[in-house]
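In: Sequence first, predicted coordinates after that:
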Amino acid sequence: MFAAKKIFASVVNRRTCAMQAVVLKKELFRKIGDGACLSAQEQAIAGEVISGQFWLKEIRQGFFLHCTDVVHLQAMTSRFLLSKSGLKIFLKLQGSGHLRIDRVPLPLGNSVTTKPVARAAVVSLKEPAQYEHCCRAASRERMLVITLMPEWLVNAGLGHLNALQHLSMTAWNLSPRLAAVAEQLMQSVAEPDTALQRLRIEQQALHLAVEALAALAPENVQSTTLGEPEGLRPAEYQRASQLRAWLDGGGADGYTMEDIALHMGCNACTLQSQFRQAFGQPIFDYLREQRLRRAANAILAQDLTMAQAAELAGYSSQANFSTAFRKLFGFSPKNLRARGQ
């Protein structure tokens with residue numbers, strides 16, 4: 001009986017150690033996903049996480065190309081801050097990962113077939129936003145991201161696109177012709193860097209950018225820009241949109257729900273319900289997040305102190321501000337400048 005107890009205890013201990021190892025690995029993957037560096041000992045525990053290649057090229061001033069061709073060896077979620085405004089063109093050639101910007105899923109699908117349907121999406125960014133990528137273990141990802149900064153759009157005679165709403169999205173399936181151009185571009189960036197090769201890369205990237213910008217026309221493609229939700233009348237959605245624009249501009253900072261309802265000329269419960277239906281979250285949750293984003297933008301643009309940023313976000317306590325900031329963005333405000341992309 002005593003021996004049986006010893007054997008049982010050893011089994012329990014082995015199981016406990018195995019569970020602790022799994023928990024430790026998950027914590028290390030979380031750290032990697034948040035951009036932290038691991039010690040040599042931690043790297044040995046975590047093992048290989050990803051295999052493949054990344055390329056980041058500035059083709060012209062304000063015109064960037066980011067290429068990814070990797071195999072994810074571990075299931076992991078990566079997060080980082082997109083601090084630059086402009087248009088981002090995502091072209092997903094292969095991959096089963098889920099991508100989100102500020103919790104809004106990118107409509108790129110998650111194909112795991114051997115011949116996946118290539119998908120593309122244009123996303124407008126007006127302020128700092130958190131990019132999140134959740135991937136499966138042993139999955140391959142091949143993707144291109146073209147970034148067009150506001151100044152590039154102005155110089156190209158496309159400055160009106162800078163007025164697009166933050167996080168507006170338009171998605172479509174790539175035609176076989178465009179998918180072939182994207183495949184050629186993936187091959188081009190991996191070849192030796194020469195003047196002629198740089199021109200070829202620019203030509204191919206511009207080809208894709210032109211097609212993506214043309215797809216912003218409603219008659220050319222089905223848009224996934226947030227529009228009138230089912231169940232809301234046009235006037236109700238318009239009011240919710242007006243409220244969101246007012247919240248974005250800081251006009252409601254410090255207001256109570258009753259103050260907001262009075263300003264909008266609507267019953268508080270009705271306004272709260274319509275806003276949630278239109279945008280998927282309560283008014284004050286949205287307002288709180290917007291103030292944190294404005295604070296993040298001000299830290300980057302105006303070099304604010306943490307106390308000033310906390311006050312801008314509506315927090316009297318820097319500790320509470322830091323906690324809320326970390327919950328939204330995944331890292332502390334003190335690390336913001338180092339993580340800005």
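Out: Good, I have the coordinates. None of the values given here were measured: they were computed from a predicted structure.
In: all helices in the protein, in order from the N-terminus.
Out: Assigned by DSSP state H, the helices in the chain fall at 2-33, 40-46, 150-155, 176-189, 195-214, 234-248, 257-264, 268-279, 283-302, 306-312, 318-329, 336-339.
In: Tell me which of these lies nearest to residue 52.
Out: Taking Cβ to Cβ, helix 176-189 is the member of the helices of the chain nearest to residue 52, at 11.7 Å. For glycine as for every other residue, the C-beta is placed from the backbone atoms N, C-alpha and C.
In: buried ones in that closest one?
Out: Neighbour-count burial for helix 176-189 flags 178, 179, 181, 182, 185, 186, 188, 189 (criterion: 16 or more other Cβ atoms under 10 Å).
In: mind showing which ranges of this structure have poor pLDDT?
Out: 1-49, 109-117, 217-232, 337-341 (pLDDT under 70).
In: What residue spans form the domains of the protein?
Out: As assigned by automatic domain parsing, the chain contains the domains 2-46, 50-214, 234-339.
In: Redo the helices of the chain as CSV? Include distance to residue 122.
Out: Below are the helices of the chain laid out as CSV (distance: least, Cβ to Cβ, whole Å):
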stretch, distance to residue 122
helix 2-33, 26
helix 40-46, 35
helix 150-155, 12
helix 176-189, 13
helix 195-214, 5
helix 234-248, 20
helix 257-264, 31
helix 268-279, 20
helix 283-302, 21
helix 306-312, 31
helix 318-329, 24
helix 336-339, 24
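In: Can you tell me which of the ones you listed is nearest to residue 94?
Out: Going by Cβ to Cβ, the one of those nearest residue 94 is helix 176-189, 10.1 Å.
In: Next, the angle helix 195-214 makes with that closest one.
Out: Angle, helix 176-189 to helix 195-214, by axes from the mean of the first three to the mean of the last three Cα atoms, to 10 degrees: 150 degrees.
In: tell me what helix 176-189 is packed against?
Out: On a contact count with 3 or more Cβ pairs under 8 Å, 6 or more residues apart in numbering; DSSP states H and E, helix 176-189 meets strand 63-72, strand 86-94, strand 139-148, helix 195-214.
In: Buried deepest among the ones you listed, which one?
Out: strand 86-94 (a mean of 23; mean count of other Cβ atoms under 10 Å).
In: Which strands and helices lie in contact with that strand?
Out: Using 3+ Cβ pairs under 8 Å, 6+ apart: strand 86-94 touches strand 119-125, strand 139-148, helix 150-155, helix 176-189, helix 195-214.
In: mind redoing it with 10 Å?
Out: With contacts defined as 3 or more Cβ pairs under 10 Å, 6 or more residues apart in numbering; DSSP states H and E, the packing partners of strand 86-94 are strand 63-72, strand 98-101, strand 119-125, strand 139-148, helix 150-155, strand 169-173, helix 176-189, helix 195-214.
In: Find the nearest non-adjacent residue to residue 268, please.
Out: The shortest distance from residue 268 to any non-neighbouring residue, by Cβ to Cβ, 6 or more residues apart in numbering, is to residue 261 (3.9 Å).
In: burial of that neighbour, as a residue count?
Out: By other Cβ atoms under 10 Å, the residues close to residue 261 number 19.
In: returning to what we had before: how about the helices and strands packed on strand 86-94, which one is nearest residue 108?
Out: Residue 108 lies closest, by Cβ to Cβ, to one member of the helices and strands packed on strand 86-94: strand 119-125, at 4.6 Å.
In: so how far is that closest one from its chain's centroid?
Out: Counting by Cα atoms, centre = their mean, to the nearest Å, strand 119-125 is centred 11 Å from the centre of its parent chain.
In: Next, the angle strand 86-94 makes with that strand.
Out: On the basis of the same axes, to 10 degrees, strand 119-125 is oriented at 160 degrees to strand 86-94.
In: Parallel or antiparallel, list what pairs with strand 119-125.
Out: Strands flanking strand 119-125 in the sheet, each with its direction: strand 86-94 (antiparallel), strand 169-173 (antiparallel) (DSSP bridges).
In: mind saving the C-alpha coords of it as CSV?
Out: Extracted as CSV, the C-alpha positions of strand 119-125 are listed here (Å, rounded to 0.1, in the frame of the first residue of the first chain):
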residue,chain,number,x,y,z
ARG,A,119,-7.4,37.7,-50.5
ALA,A,120,-6.7,41.4,-50.2
ALA,A,121,-7.9,44.2,-48.0
VAL,A,122,-7.3,48.0,-47.8
VAL,A,123,-7.4,49.5,-44.3
SER,A,124,-7.3,53.2,-43.4
LEU,A,125,-5.5,54.2,-40.3
